[in-house]
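Enquirer: pasting the structure only:
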């Protein structure tokens, strides 16, 4: 045996044979799928309970969105302080109780609006905490070089759940009102059981006892502000996500109001675009192996601007669906790439808080974008609104290209997927 043989390190097993990753992935996929089913049914349930009140639907939507702003930061501190396995397990148990309470109270005829809103807020809050904990746990159960593939699969999981969860939830709801909540409860139960069999140590490092929450958050904010690339990319991603809200709402205006098509055509557009997002998530690793992060981000924003401009002139649901699918492919690719970058450059002890801070900023930008998009579409036609958004997206891409830290951003080699070797001239 040569010295070279003595120093050779065995390659890690592929993800399909990584027991811990499979347990984490499958349990959370079922939980996420159940969450999609329940979330699409909450507005329908509010409409039924209130006797057809649109205000009740708005309250249900608010109860589902508000935790994004309220829970993110405390959740980040919690995930960094406690055993992540315990956090995910207790969140799964809490979601079982909340979803079960919705189903049982609905069956008994005891579900009122106040109780429904409280249960929605609790269930969504627990889902946010669990999602943060899982994102941090992935880095522990997966080697660095397989992190892009793992996060790509997580992104694909979300896209599949989005494609299938909504239709499945509405079908179950029309069949038996409590059935989608029972299905979501079973998904959370499987996730809780799977966590018991994960062998990896998901505990955090030693923490200073009795430390104030705001000090932990200040540490993460100080670190984040010291990272030039992350500090520059975060507002760029936030603005682009906000501008995307014009497309989301503009589809409804263009198809239903301006082109006079049936409301069901919106489902066709979203179905086509959802397939694009799934393809982008599955192909993210291929693009990351060949293009630097700066090209994926700046090039993606530039292509988004061009596609938004094309959508302004498109006619019919198929054309709009294909263009939106292309946007989703691009968004999924640079979404996975930026997530890999953030996870790999962030110290292990700050993972939850940095992810929470980033998520909060993007969520606030999305909320502001949704509000401004509604005002823009109310004042102008869908065509002009999309052209304005496309112009602003092009400006965002240009600004990103002018920032040196963004241009130089690279995913660390330890997490960068390797491109397949070129064929040998002898073969």
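Expert: Everything's here; your move. The shown structure was predicted, so the numbers you read here are calculated from the model rather than taken from an experiment.
Enquirer: per-residue confidence averaged over the strand or helix carrying residue 27?
Expert: Assignment of secondary structure by DSSP states H and E places residue 27 within helix 19-49. When pLDDT is averaged along helix 19-49, the result is 86.
Enquirer: which neighbouring elements make contact with it?
Expert: helix 54-70, helix 84-107, helix 113-141, helix 147-175, helix 179-196 (3 or more C-beta pairs under 8 Å, 6 or more residues apart in numbering; DSSP states H and E). Quick note: C-beta positions are derived from backbone N, CA and C, even for glycine.
Enquirer: out of those, which comes closest to residue 398?
Expert: Among the helices and strands packed on helix 19-49, helix 147-175 comes nearest to residue 398, with 27.0 Å by C-beta to C-beta.
Enquirer: and the angle from that closest one to helix 179-196?
Expert: 150 degrees (axes from the mean of the first three to the mean of the last three C-alpha atoms, to 10 degrees).
Enquirer: the nearest residue to residue 352 once chain neighbours are set aside: neighbouring residues, count only.
Expert: Among residues not flanking residue 352 along the chain, residue 79 sits closest, at 3.0 Å (C-beta to C-beta, 6 or more residues apart in numbering). For residue 79, the neighbour count with other C-beta atoms under 10 Å is 27.
Enquirer: do the same with residue 286
Expert: Neighbour count of residue 286, defined by other C-beta under 10 Å: 15.
Enquirer: domains in the chain, as residue ranges please.
Expert: As given by automatic domain parsing, the domain ranges for the chain are 15-199, 220-415.
Enquirer: out of those, the one nearest residue 213 is which?
Expert: Closest approach to residue 213 among those (C-beta to C-beta): domain 15-199, 5.3 Å.
Enquirer: any idea how far the closest one is from the middle of the chain?
Expert: 12 Å (C-alpha atoms, centre = their mean, to the nearest Å).
Enquirer: okay, how far is it across it, tip to tip?
Expert: 15 Å (C-alpha to C-alpha, to the nearest Å).
Enquirer: repeat that for stretch 282-297.
Expert: 17 Å.
Enquirer: next, the buried residues of that stretch.
Expert: Using 16 or more other C-beta atoms under 10 Å as the test for burial, stretch 282-297 gives 282-285, 287-288, 291-294, 296-297.
Enquirer: quick one on the thing from earlier: out of the domains of the chain, flag the one nearest residue 212.
Expert: domain 15-199 (9.9 Å).
Enquirer: tally up the residues packed near the closest residue to residue 20 other than its chain neighbours, please.
Expert: Among residues not flanking residue 20 along the chain, residue 141 sits closest, at 4.1 Å (C-beta to C-beta, 6+ apart). Neighbour count for residue 141, taken as other C-beta under 10 Å: 22.
Enquirer: ok, now the one 5 residues further on?
Expert: Under the neighbour criterion other C-beta under 10 Å, residue 146 is assigned a count of 22.
Enquirer: and whichever strand or helix holds residue 334 with helix 147-175, angle?
Expert: In this structure, residue 334 is located in helix 317-345 according to DSSP H and E. Angle, helix 317-345 to helix 147-175, by the same axes, to 10 degrees: 130 degrees.
Enquirer: ok now helix 317-345, how far from the chain's centre?
Expert: Mean-position distance between helix 317-345 and its chain equals 11 Å (C-alpha atoms, centre = their mean).
Enquirer: which other helices and strands contact it?
Expert: helix 113-141, helix 147-175, helix 228-252, helix 264-290, helix 293-313, helix 351-379.
Enquirer: so which of these is nearest residue 336?
Expert: Here helix 264-290 is closest among the helices and strands packed on helix 317-345 (C-beta to C-beta), at 3.8 Å.
Enquirer: nearest residue to residue 32 in space, please, no chain neighbours.
Expert: Nearest residue to residue 32, sequence neighbours excluded (C-beta to C-beta, 6+ apart): residue 161, at 4.9 Å.
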